[in-house]
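S.K.: here is a sequence together with a model predicted from it:
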Amino acid sequence: MDKAATLFRQLAKNPSVIRSHLHKTQQDCYSVSTVWSQRDLERGESVKFNTTHVVFADTQKAARVATSTESQEELLCSLSPSRKQKAIVQQVKNKKGDEKQYLEIWGPNGKEQSIDLEALDKHGKVYDDDYFSCLEWSSCETQLVYIAEKKQPKKVSYFDPKKTKDGDEVVKGTEHEFLEDWGETLVSRHHPVICIIDLTTETVKIVEGIDENMSPGQASWAPDDSGIVFVGACHEPYRLGMRACFIRRSAVYYADLKTNNISLLSASDRHVRSVRFSPDRSKFVYLCNDAGGPHWHCSQLMMYDWATKENTLVVHTVMLPDGPDQFPGIYCVSLPKKCWADDNERIFLPTAWRSKEEIVVVNTSTRVVTRVTNDPQYGCWVILDMYDGMILATRNSPNTPPHLVLGQVPSAGEEHTISWQCLDSQPVTYDDISWEIVVCQGEPSKEGSGADVVEYECILLKPSQTGDEKPPLIVFPHGGPHCVVAAEYILSCAFFCKMGYAILIVNYRGSLGFGQAGVLSLPGKVGSQDVKDVHGAALQVLSTGLVDKERVVVMGGSHGGFLSTHLIGQYPGFYKACCVRNPVVNIASLLGSTDIPDWSYVEAGLEEFKPHFVPTAKTYKEMLQRSPIAHVDKVKTPILLMIGAEDRRVPPKQGYEYYKAVKARGVETKLYVYPGNNHSLSKVDCEGDCMMNMYQWFMKYL
């Protein structure tokens with residue numbers, strides 16, 4: 001175990017990029033300012049640090065300047081349009097230990113302004129999540145727009161004898177009133193409001209006129225700073241979980257700051273996100289797809305012309321690409337903050353392309369989509385910034401942690417010729433890990449959606465071998481189920497591979513990046529099609545003789561845990577050990593406790609979820625039949641369960657239920673519960689503990 005702990009400590013030092021910005025210092029010379037996150041095992045937390053690179057574009061030379069230093073926690077950060085100022089929202093504790101939020105403006109000579117947002121007494125905490133939050137400068141650089149919790153009246157007991165300050169709004173008897181939120185990781189998001197701060201007067205204005213049954217977010221300035229364009233998410237009639245659920249009904253709206261009128265700019269019956277204005281502010285693009293159904297669809301790219309007030313479909317939904325080299329559609333969480341080329345015509349964005357994450361460019365005039373990256377050495381690219389004809393990104397692969405690269409945007413039609421300049425002379429690469437993408441064929445579906453979808457992929461990582469002994473195999477299906485694992489650097493996979501295990505990451509049918517038909521092929525077949533795909537991939541790799549067929553184990557989280565527990569039930573004894581994190585084990589019992597009850601209906605293949613539904617006995621029966629718990633009597637495999645005590649997506653009772661079921665049947669089992677952790681189990685101390693416990697569990701039974 002000491003060797004494993006030493007290795008994990010070493011790998012945990014590899015940082016990941018939080019954000020990075022380009023600055024032009026002189027002709028053909030740029031500086032790159034980057035904020036990184038790094039695990040600190042001693043402190044049990046992630047720390048942030050800054051780096052600065054100087055890049056000479058004409059000579060293709062780059063150098064890191066100065067020593068990296070730890071930076072303060074920044075909730076939000078935004079460069080002004082001129083890139084001469086930076087706005088940040090800081091959260092710090094005062095002498096009393098209370099958390100306070102400050103808006104700070106930084107310039108070339110240091111901090112220019114620091115505004116205590118709580119002292120202004122206009123709103124609650126500023127949002128810093130991935131869905132609602134924003135921090136955007138006006139074009140005149142005197143105002144900023146952001147999202148915060150609505151100021152609530154003070155809630156006290158009917159019998160509270162304390163007197164309140166003059167002007168304080170007090171409501172008695174409501175301190176225990178339930179407030180709806182947006183679920184997993186968004187539990188404090190009850191009533192967001194759009195806030196505009198004037199930096200010259202240091203005053204805040206709340207945008208009025210927004211429907212109370214709508215949660216606004218993702219705000220940006222309209223042309224000439226005349227108003228605010230934002231995305232409004234509907235409550236209808238109560239809120240469901242938003243995290244990783246790109247199907248909640250929402251629309252693009254315009255708030256006129258002079259008249260307080262709210263105008264609808266998009267369709268109102270779909271899901272939208274990621275409004276991004278062109279550099280000349282004449283138009284904006286956004287992602288759009290159907291509301292309801294599987295929680296992640298192939299997205300459309302829409303464009304709104306500010307002058308004509310017309311929406312245009314730029315990129316259609318791709319149902320089934322003709323082959324692996326054909327564009328499979330758009331599957332990104334959001335568009336990059338800076339995604340437009342300087343010509344106001346082209347959009348650069350990352351998207352899942354089968355088992356890779358590639359950069360593509362969309363010409364909004366010709367509607368042509370071109371693949372920009374296609375390097376067999378790298379499986380995942382992420383755009384960080386675009387400025388002055390340059391594009392800043394990271395790239396990585398299963399054996400290469402993320403590193404910064406810079407490229408010059410070529411003319412239209414030549415984007416595939418971008419030459420990427422690595423900003424560090426020797427990025428980390430683990431030569432003792434090799435990887436490849438394996439194509440698999442599933443059983444054809446005889447009926448329903450996805451009847452023509454048979455192909456899927458998996459990513460095989462192999463350790464270097466010095467002797468004749470074959471490595472054991474860890475089968476690793478992803479969660480979702482409608483997501484995808486790209487051929488990217490994953491700490492857990494690198495750790496196990498360097499400890500001598502081969503890893504098989506399975507992107508079964510229903511994963512993103514293979515066309516919308518692939519996504520739609522799975523609902524109604526969970527517990528069957530996806531289970532057969534994962535097991536079939538394992539058998540295909542075992543048939544090559546590259547791994548030890550007698551030493552096969554399985555691990556997964558969420559729907560990956562669902563599949564792992566299905567596999568040990570449907571194929572008794574085949575998998576020698578199993579480790580699961582926050583697994584779905586009973587779709588029926590999950591229905592009444594999760595923040596996404598619609599998931600249970602969709603994936604079980606039942607009728608479309610309606611908020612007023614009361615489940616019937618037939619509903620529960622069909623959900624139960626598709627659940628791992630239905631196969632628990634056949635389980636022989638020792639199983640380790642890891643549960644986040646604060647999980648709203650797959651509440652802890654799912655893990656407890658399975659633990660009790662297998663233990664009652666005499667199966668070796670152990671359960672770990674992590675306080676303060678939600679569905680991702682991603683806190684640094686929890687992540688390390690999970691990793692070591694999984695390694696020990698596998699070692700015990702192999």
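M.R.: Structure's in. What do you need?

S.K.: by mean pLDDT, flag the weakest helix or strand of this protein.
M.R.: strand 61-70 (a mean of 82; mean pLDDT, DSSP states H and E).

S.K.: buried residues of that strand, list them for me.
M.R.: Going by neighbour count (16 or more other Cβ atoms under 10 Å), the buried part of strand 61-70 is 62, 64. Heads up, the C-betas are built off the backbone N, CA and C, glycines and all.

S.K.: who are the packing partners of it?
M.R.: Under the contact criterion of 3 or more Cβ pairs under 8 Å, 6 or more residues apart in numbering; DSSP states H and E, the helices and strands touching strand 61-70 comprise strand 45-56.

S.K.: what lines up beside the strand it packs on in the sheet?
M.R.: Partners of strand 45-56 in the sheet, by DSSP bridges, are strand 29-40 (antiparallel), strand 61-70 (antiparallel).

S.K.: contact partners for the spatially most distant residue from the centre of the chain?
M.R.: Checked against the mean C-alpha position of the chain, the extreme residue using Cα atoms, centre = their mean is residue 161, at a distance of 46.6 Å. Contact criterion Cβ atoms under 8 Å, 6 or more residues apart in numbering gives no residues in contact with residue 161.

S.K.: number of residues surrounding the nearest residue to residue 399 once chain neighbours are set aside?
M.R.: Nearest in space to residue 399, with sequence neighbours left out and distances taken as Cβ to Cβ, 6 or more residues apart in numbering, is residue 433 at 3.9 Å. The number of residues packed around residue 433, counting by other Cβ atoms under 10 Å, is 20.

S.K.: report the beta-bridge partners for residue 433.
M.R.: Beta-bridge partners for residue 433, by DSSP bridges, are residue 463.

S.K.: ok, it touching residue 464?
M.R.: Yes. Here residue 433 lies in contact with residue 464, judged by Cβ atoms under 8 Å, at a distance of 7.5 Å.

S.K.: need the pLDDT of residue 451.
M.R.: We have a pLDDT of 62 for residue 451.

S.K.: the one 3 residues further on too?
M.R.: If you check residue 454, the pLDDT there is 93.

S.K.: ok, now which ones touch it?
M.R.: Contacts for residue 454 were tallied using Cβ under 8 Å, 6+ apart; they are 441-444, 509.

S.K.: how about residue 439?
M.R.: 324, 455-457.

S.K.: repeat that with 6 Å
M.R.: The neighbourhood of residue 439, defined by Cβ atoms under 6 Å, 6 or more residues apart in numbering, consists of residue 457.

S.K.: next: the one 5 residues further on.
M.R.: Applying Cβ under 6 Å, 6+ apart, we find residue 444 in contact with residue 454.

S.K.: give the helix, strand or coil label for it.
M.R.: When the structure is reduced to helix, strand and coil (DSSP: H, G, I helix; E, B strand; the rest coil), residue 444 reads as coil.

S.K.: just list whatever residues bridge to the residue nearest to residue 16 when sequence neighbours are not counted.
M.R.: Nearest non-adjacent residue to residue 16, counting by Cβ to Cβ, 6+ apart: residue 37, 5.4 Å away. Beta bridges link residue 37 to residue 16, residue 48 when assigned by DSSP bridges.

S.K.: how far away is residue 37 from residue 205?
M.R.: 34 Å (Cβ to Cβ, to the nearest Å).

S.K.: same check on residue 265?
M.R.: Between residue 265 and residue 205 the computed distance is 22 Å (Cβ to Cβ).

S.K.: so for the two, which sits in the more crowded spot?
M.R.: When neighbours are counted by other Cβ under 10 Å, residue 265 and residue 205 differ, and residue 265 comes out ahead with 20 against 14.

S.K.: so what's that one closest to, chain neighbours aside?
M.R.: Taking Cβ to Cβ, 6+ apart as the measure, residue 265 lies nearest to residue 252, with 4.4 Å between them; neighbours along the chain are not counted.

S.K.: quickly find the element holding that neighbour.
M.R.: Secondary-structure element containing residue 252, defined by DSSP states H and E: strand 250-256.

S.K.: name the helices or strands packed onto that strand?
M.R.: Counting contacts by 3 or more Cβ pairs under 6 Å, 6 or more residues apart in numbering; DSSP states H and E, the secondary-structure elements packed against strand 250-256 are strand 227-234, strand 262-264, strand 270-277.

S.K.: now it against strand 227-234, angle please.
M.R.: If you take axes from the mean of the first three to the mean of the last three Cα atoms, to 10 degrees, strand 250-256 sits at 150 degrees to strand 227-234.

S.K.: buried set for strand 250-256?
M.R.: 250-255.

S.K.: how about stretch 493-508?
M.R.: By 16+ other Cβ under 10 Å, the buried positions in stretch 493-508 come out as 493-499, 501-508.

S.K.: how many residues are close by residue 111?
M.R.: Counted with other Cβ under 10 Å, the neighbours of residue 111 add up to 10.

S.K.: what's the answer for residue 181, then?
M.R.: When neighbours are defined as other Cβ under 10 Å, residue 181 has 18 of them.

S.K.: residues contacting residue 198?
M.R.: Neighbour list for residue 198: residue 143 [criterion: Cβ under 6 Å, 6+ apart].

S.K.: ok, it to residue 143 distance?
M.R.: Using Cβ to Cβ, residue 198 is found at 6 Å from residue 143.

S.K.: secondary structure class for residue 536?
M.R.: Per three-state DSSP, residue 536 ends up helix.

S.K.: how close does it get to residue 247?
M.R.: If you measure residue 536 against residue 247 using Cβ to Cβ, the figure is 29 Å.

S.K.: quick one, grab the pLDDT at the residue nearest to residue 309 when sequence neighbours are not counted.
M.R.: Nearest non-adjacent residue to residue 309, counting by Cβ to Cβ, 6+ apart: residue 265, 7.8 Å away. The predicted local distance difference test score for residue 265 is 98.

S.K.: quick check: residue 265 touching residue 251?
M.R.: No. With contact defined as Cβ atoms under 6 Å, residue 265 does not count as touching residue 251 (7.5 Å).

S.K.: so for the longest helix along the chain, mean pLDDT?
M.R.: As far as residue count goes, and with DSSP state H defining each element, the longest helix of the chain is helix 684-701. The average of the pLDDT scores along helix 684-701 is 97.

S.K.: just stretch 623-640 next, same as before
M.R.: The average pLDDT within stretch 623-640 is 98.

S.K.: report the buried residues of it.
M.R.: Along stretch 623-640, these residues count as buried under the neighbour rule (16+ other Cβ under 10 Å): 623, 626-632, 635-640.

S.K.: follow-up on the earlier one: contacting residues for the residue nearest to residue 399?
M.R.: The neighbourhood of residue 433, defined by Cβ under 6 Å, 6+ apart, consists of 399, 461, 497.

S.K.: what about the second one, which helix or strand?
M.R.: Which is residue 461. Using DSSP H and E, residue 461 falls within strand 455-463.

S.K.: after that strand, next one along is what?
M.R.: Next helix or strand after strand 455-463 toward the C-terminus (DSSP H and E): strand 473-477.

S.K.: so what secondary structure elements neighbour that next one?
M.R.: So strand 473-477, by 3+ Cβ pairs under 6 Å, 6+ apart, packs with strand 502-507, strand 552-557.

S.K.: can you tell me the SS state at the residue nearest to residue 403 when sequence neighbours are not counted?
M.R.: Counting by Cβ to Cβ, 6+ apart, the nearest residue to residue 403 once its immediate chain neighbours are dropped is residue 427, at 3.8 Å. Under the three-state scheme (three-state DSSP), the conformation of residue 427 reads as coil.

S.K.: select, out of the strands paired with strand 45-56, the one closest to residue 408.
M.R.: With Cβ to Cβ as the measure, strand 29-40 is the member of these nearest residue 408 (10.6 Å).
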